[in-house]
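J.: Sequence and computational prediction follow.
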Amino acid sequence: MPEGFLEPETISKQLALRDDMTVADFGCGRGYFSIPLAKLVNQGKVYSLDVMEEALQAVSSQAKLEGISNIETIRGNLEILKGSKLADQSVDLVLLAKILFQSQKKSEILKEAKRVLKNEGKIVLIDWIAGSSLAPKKGWFISKEQAKQLVEKEGLTFDKELKMDSQHYGMVFKKA
């Protein structure tokens, strides 16, 4: 894995995805994960959620360019309950990739992720290692240990750690 560059394909291989899954990419940005995920769950659906309209337009354009039709973009505020606009227990997997460090409302984002997650569903949490060479200089960084405690406090169970580069950590949690 190149230093500091997350490879969605490499990470996705560690997630035991099925092609009929429903995935929510919280804070999708320009679709860095949404596009590869949509290809893997080609019989399922990917909800790409972001607060920025421009990011969602970029996801839609890229999906159209690549002939991907199973992505739905949703503009929402993930820091408030029901802010994702998704139904309760409607997704198999929620991806939180480099979103927690951007927010002071981490537990609210996790509560929303848990709300939309089906029983036995998984949360994949990927974030920057604070102080790593490529990490943004500003943000509300959270250590891997703090993140694990925060997610477990929401009632999810630690499943496994993901193999990552030296700039990020990644963990998978399961909703029992």
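T.: Alright, I've got the coordinates. Residues are numbered from 1 along each chain as shown.
J.: could you point out where this structure is predicted with low confidence?
T.: Applying pLDDT under 70 to the chain flags residues 1-4.
J.: continuing past the lengthiest helix in it, what's the next helix or strand?
T.: Longest among the helix segments of the chain by residue count, using DSSP state H, is helix 53-65. Under the assignment DSSP states H and E, the closest C-terminal helix or strand after helix 53-65 is strand 71-75.
J.: That following strand - which strands sit beside it in the sheet, and in what orientation?
T.: Counting by DSSP bridges, the strands paired with strand 71-75 are strand 45-50 (parallel).
J.: Let me know the angle separating the partner strand from helix 53-65.
T.: Comparing the axes of strand 45-50 and helix 53-65 via axes from the mean of the first three to the mean of the last three C-alpha atoms, to 10 degrees yields an angle of 150 degrees.
J.: what comes into contact with strand 45-50?
T.: Here strand 45-50 makes contact (C-beta atoms under 8 Å, 6 or more residues apart in numbering) with 22-29, 31, 34, 37-38, 56, 59, 70-76, 78, 84, 86, 91. Placement of C-beta: from N, CA and C, glycine included.
J.: Show the buried residues in those residues.
T.: Neighbour-count burial (16 or more other C-beta atoms under 10 Å) is assigned, among the contacts of strand 45-50, to 22-29, 31, 34, 37-38, 56, 59, 70-73, 76, 78, 84, 86, 91.
J.: who touches the closest residue to S90 other than its chain neighbours in this structure?
T.: Spatial nearest neighbour of S90, excluding adjacent residues (C-beta to C-beta, 6 or more residues apart in numbering): V116 at 5.6 Å. By C-beta under 8 Å, 6+ apart, V116 lies in contact with 24, 84, 86-91, 94.
J.: For M52, state which of those residues is nearest.
T.: Nearest to M52 among the contacts of V116 is S84, at 14.6 Å by C-beta to C-beta.
J.: my guess is that closest one meets E112, correct?
T.: Yes: S84 is within contact range of E112, at 5.5 Å (criterion: C-beta atoms under 8 Å).
J.: Please enumerate the shared neighbours of those two.
T.: Common neighbours of S84 and E112 (C-beta under 8 Å, 6+ apart) are 26, 78.
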